[in-house]
Structures are given as C-alpha cells and as structure tokens.
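Trainee: My questions concern the predicted model and sequence given below.
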Amino acid sequence: MNWLRKVAFEECAVAANKTGLVGAPCSSEEGTACSNSPELARKPHGVASGSCGTAREVPPSEEHGACSSIPVLLAPMAGVNDIAFRQLSLELGCDITYTEMVSSKALSFANEKTRHLLDRAHNERRVAVQLFGHEPDTMAREAAWIESEMGDALAYIDINMGCPARKIVKKGDGSALMTTPELAAEIVRKVSAAVEHPTTVKFRKGYAADEDIAVDFARRMEDAGAAAVAVHGRTAAQFYSGCADWDVIARVKAAVDVPVIGNGDVTGGKEACALVAQTGCDAVMIGRGAQGNPWVFEQVRAALNGEAAPVLPTPEQRVAMAHRHAEILSRRIGNNLVYMRKHVMWYLRGIPGASKARGELNQCVTLDDFDRVLEQLLVDAARIEAEEERYLAC
C-alpha cells in the first residue's frame, strides 16, 4: 500500500519514508478488484458524460469491481475551501482535504490572515497544506514552520504549480513555474529537504494552449523529491474550459513511480470510475464538482466501492446544507457572511426559483438574511413544482 492511501485511511503515522515512496496499483491487499493500471485502463467500455459534455469511457461494475482503496480528495481551491466546507466534505466521504492556497511570502511576513488558513475543522484529523510562491528558500523555511506548528495534524505539504489565475501567474507563481522547470525542481528539492512530511506537487498538462509537457515535468518533480504528483488534464491557458485530457494523467502514471492523483471533470461516481480505469491513478481529486455539492464525495465513494449510488439530495436538503454551511462559518468569522453568497448560489443550482433568488442573495450579509431568502425559495420552489404538476395533468 502506498503512503497516500495510508494517510487517507489513517492506517499509519503521517510521516512517510521519503526514500521508498512508490505508487502501487489497486490490488487484492485491499480486498479490491479494480482495473487500476494504465495497461487495463485503455480497453473500451461503456460511457459516462463528464462535465465537459464529452462521453467518457467507464467500465461496467461487473468488470470494474470495487476500488475502495482509491482515496477521494477535495482539491485545493482558493476562496472555496473554508473550514465549514472542508468539515461538510469530510462528513460526506472525502478522504483528504486541502487548505486554500497559502502564500509562502505572506507567511514569511507573519500575516495573521494567512496563518488562519492553516486552522483545521473539528473533524479534520489531518489536512494537506498547499503552498504557493516562487522563492525556494522562502518556501522551504515556511514549509518547515508549518510542520513545526501543525505536527501530525499536517498530512503533507503540496506545492501549487497549476493555478492559472493572472494575479498568481504574473508573479511567477502557480502554473508559471511550469515555464521554469529548473526553478520548480529547486523549490521541490528545498521544501522536501526542509520537512519530514511528504512534499507533493500539483500541476497541469502544460502552460501554453498547445503544450503537453506534464510527463517530463512529473519526472523532474519526482527526481527533485516529490512524493506524489497531482495532474489536472488542462493547460493553464485553458483555465477550466474544454474537456480535461485524462490521457496525459495516464501517461504521467506510466512514467513515474510515485503516486499520481488524477484531477479534472469528476462530477460524480461514473466519472470517478472512468478516470481510475482510464488512467490508473492512485487517487481521485474533485474540485469544481464539489462546489455546492459535498454529496459528490458520497456518490464517488459508493461508486468506487461498487455500491449503489446514494439518493441525490432534495431541494430541502440543499437548502438545509446551505444554512448549515453559513451557520458553521458565522460561528467562526462573525455575522458578516458576504463571502457565503457564492457558496449559497452553488448549493441552490437546479432548484426551481433559484435564478430569481440570486438577486436577493447578492444583498445578503447576515445569517438571518440568508435564512430569509432560503425560506422563501422553498416556498417558491414548492409553488413552481405544483404549477408544473397541474399543467402536466391537463
């Protein structure tokens, strides 16, 4: 069993022997029978429609079997992965959570707002911390400080080399590091030497629109000391448009010995199984598919375990979760919940009347404001559904 699974399923201490971290395929040692290898992954099976709108290969359950040893990870998302969201994701089946991106430069200035990003949810036994920056010595020093502060509450240090946001890239951080692989490797060397916990790297297919450099980049990161790599199957130039290229994840998996985390277009159980089957990845990472939808983790876990899909949440359950998210957050940051507007809108997607409610949600500040709009939304949704039923009965 590789170290990433041990961290995910809490079967051993967090610290890993950095001299022997090898990604093992899913095997009978876990009581599983998944086709978790690049060789088996490329056989055609059924299809599942991913969020990009393109048909995805997915093996039927009788051929695929259960993949209960595959960890399911919440992707690090700036402005999304607050404590409340991470708590709810863990409750619904997420195995490893990440903090929001943490600026190594801001940490070096002892920025309290940045340091608060390292706080854990009450049910978060361990959390991966994602650092971004481009100064090797600064990143190594702050990684060591994080480790000293968090101890075994730290799952591992992840280095962001995939963020495409202009304000990040223009400083040479995030995905810009894919254009300077020597500097990227030096960061990994220094960070991994500075900490006892594993150091991982998250990056993309490439930087420019037509680039496909992930395999070479992954090898460089492995040689520099990365204990695992997470690959998003889009270039930085794509941002989140188009369809994620899962084949590049499969090629990275075949090229390196460390665990490979697959990321991109996983919105449910079928997509997760398809990603594992096509790429042989050691873990599944979910980002935008979890926004307003922490239930995606129980859907994915059930699919990987070979179990029946859980019932999708009702509008009432979505509204209740939005309220709970806001309530947890209010206890932490007070009653100015402007930040919650986007989260609540994500929770309400697909509910009748949600479009009309968006304007009012954009004016909400307090928990009471949100509750007032949410209560009215449920009344409106019930009325709209009743009107539709009467129309269809005619």
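Mentor: Noted; the coordinates are in hand.
Trainee: Low-confidence ranges, the stretch 251-394 of the chain, go.
Mentor: Within the stretch 251-394 of the chain, the ranges that satisfy pLDDT under 70 run 385, 387-391, 394.
Trainee: Can you get me a residue count around the residue nearest to Val252 when sequence neighbours are not counted?
Mentor: Closest residue to Val252 apart from its sequence neighbours, by Cβ to Cβ, 6 or more residues apart in numbering: Ala218 at 4.6 Å. Just so you know, the C-beta spots here come from the backbone N, C-alpha and C atoms, and that holds for glycine as well. Here the number of neighbours of Ala218 (other Cβ atoms under 10 Å) works out to 24.
Trainee: these two touch, right, Ala218 and Val231?
Mentor: Yes - Ala218 lies in contact with Val231 (Cβ atoms under 8 Å); the separation is 7.1 Å.
Trainee: Need the residues touching each of those two.
Mentor: 203, 252, 260 (Cβ atoms under 8 Å, 6 or more residues apart in numbering).
Trainee: Could you give the number of residues near Asn81?
Mentor: Neighbour number of Asn81 under other Cβ under 10 Å is 23.
Trainee: ok, it - contacts?
Mentor: 74, 97-100.
Trainee: Spatially central, which residue of this protein would that be?
Mentor: Nearest to the geometric centre of the chain sits Ala75, at 1.6 Å (Cα atoms, centre = their mean).
Trainee: Just the element for His261, please.
Mentor: Slight slip there: residue 261 is Ile, not His. strand 260-263 (DSSP states H and E).
Trainee: the helices in the stretch 101-250 of the chain, which residues?
Mentor: If DSSP state H, counting those that start in this stretch is used as the criterion, the helices of the stretch 101-250 of the chain fall at 104-108, 112-115, 136-150, 166-169, 181-194, 214-224, 246-255.
Trainee: Quickly compare the ones you listed and say which is most buried.
Mentor: Stretch with highest mean neighbour count among the helices of the stretch 101-250 of the chain: helix 246-255 (a mean of 23; mean count of other Cβ atoms under 10 Å).
Trainee: so who does the residue nearest to the centre of the chain touch?
Mentor: 98, 263, 285-287, 290.
Trainee: Please apply the same query to Lys171.
Mentor: His134.
Trainee: How confident is the prediction for it, by pLDDT?
Mentor: Per-residue pLDDT puts Lys171 at 95.
Trainee: how distant is the lengthiest helix in the chain from the center of its chain?
Mentor: Of all segments of type helix in the chain, defined using DSSP state H, the longest is helix 367-393. Distance of helix 367-393 from the chain centroid (Cα atoms, centre = their mean, to the nearest Å) equals 32 Å.
Trainee: Mind giving me the packing neighbours of it?
Mentor: Packed against helix 367-393, as judged by 3 or more Cβ pairs under 8 Å, 6 or more residues apart in numbering; DSSP states H and E, are the following elements: helix 315-333, helix 340-347, helix 354-361.
Trainee: if we can go back for a sec, wait, which of the helices of the stretch 101-250 of the chain is closest to Thr366?
Mentor: helix 112-115 (21.6 Å; Cβ to Cβ).
Trainee: and the closest one, C-alpha only, in PDB?
Mentor: Output in PDB follows, covering the C-alpha atoms of helix 112-115 (Å, rounded to 0.1, in the frame of the first residue of the first chain):
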ATOM      1  CA  GLU A 112      -2.300  36.600  10.600                       C
ATOM      2  CA  LYS A 113      -5.000  36.400   7.900                       C
ATOM      3  CA  THR A 114      -2.800  33.900   6.000                       C
ATOM      4  CA  ARG A 115      -1.900  31.900   9.100                       C
END
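Trainee: I would like the residues contacting it, please.
Mentor: For helix 112-115, using Cβ under 8 Å, 6+ apart, the contacting residues are 102-103, 106-107.
Trainee: between the helices of the stretch 101-250 of the chain, which gets the lowest average pLDDT?
Mentor: Among the helices of the stretch 101-250 of the chain, helix 112-115 scores lowest, at a mean of 78.
Trainee: so who does Glu222 touch?
Mentor: If you count contacts by Cβ under 8 Å, 6+ apart, then Glu222 has 229, 256-258 around it.
Trainee: Buried ones among the residues you listed?
Mentor: 229, 256, 258 (16 or more other Cβ atoms under 10 Å).
Trainee: Spell out the secondary structure type for the nearest residue to Cys94 once chain neighbours are set aside.
Mentor: Distance criterion Cβ to Cβ, 6+ apart; nearest residue to Cys94, sequence neighbours excluded, is Phe297 at 4.4 Å. Remark: Phe297 carries the secondary structure label helix [criterion: DSSP: H, G, I helix; E, B strand; the rest coil].
Trainee: Pull up the gap between Phe297 and Ser192, please.
Mentor: 29 Å (Cβ to Cβ, to the nearest Å).
Trainee: Same question for Leu107.
Mentor: Plainly put, Leu107 is 18 Å away from Ser192 if you go by Cβ to Cβ.
Trainee: With Arg141 instead?
Mentor: Arg141 is 14 Å from Ser192, by Cβ to Cβ.
Trainee: can you list the buried ones among the contacts of Glu222 in JSON lines and add distance to Lys170?
Mentor: Formatted as JSON lines, the buried ones among the contacts of Glu222 follow (distance: Cβ to Cβ, whole Å):
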{"residue": "Val229", "distance to Lys170": "25"}
{"residue": "Val256", "distance to Lys170": "30"}
{"residue": "Val258", "distance to Lys170": "30"}
